[in-house]
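Asks: Quick one, structure for this:
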Amino acid sequence: MNSLPEIEAAILQLSEDEMRDLSNWLQEYLNDAWDKQIEADAKSGRLDQLIQRAKVDIEANRVKPLEVV
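Replies: Residues are numbered from 1 along each chain as shown. Sure thing, here's the model as predicted:
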């Protein structure tokens, strides 16, 4: 099973519970990949400009509380 069509066909053969398990596994995999990317971006300095801009906005009171957004 090496191609996307083969994988899609195999997924269609899964039970509802197996599909749910696969979905949960895939979401966890994507979450982990996202965390690793953010960590790499932070270590490399790619986020420094955004962090600085956020700090300036906070100091200038140009932000809203999360519960308002």
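
Asks: Quick check: the gap between residue 34 and residue 6.
Replies: Relative to residue 6, residue 34 is positioned 26 Å away (Cβ to Cβ, to the nearest Å). Just so you know, the C-beta spots here come from the backbone N, C-alpha and C atoms, and that holds for glycine as well.

Asks: oh, I was asking about residue 23
Replies: 19 Å.

Asks: try residue 58
Replies: Counting by Cβ to Cβ, the gap from residue 58 to residue 6 is 50 Å.

Asks: what ranges do the helices span in this protein?
Replies: With helices called from DSSP state H, the chain shows them at 4-12, 16-44, 48-59.

Asks: Any chance of CSV for these, columns mean neighbour count, mean pLDDT and distance to residue 67?
Replies: Compiled in CSV, the helices of the chain are given as follows (neighbours: other Cβ atoms under 10 Å; pLDDT from 0 to 100; distance: least, Cβ to Cβ, whole Å):
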stretch, mean neighbour count, mean pLDDT, distance to residue 67
helix 4-12, 10, 96, 38
helix 16-44, 10, 98, 24
helix 48-59, 10, 96, 16
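
Asks: Dump the ones you listed to TSV, plus distance to residue 66.
Replies: Listed next are the helices of the chain as TSV, based on distance: least, Cβ to Cβ, whole Å:
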stretch	distance to residue 66
helix 4-12	36
helix 16-44	18
helix 48-59	13
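
Asks: ok, residue 10 - contacts?
Replies: residue 1 (Cβ atoms under 8 Å, 6 or more residues apart in numbering).

Asks: tell me the contacts of residue 57?
Replies: Here residue 57 is in contact with residue 63 (Cβ under 8 Å, 6+ apart).
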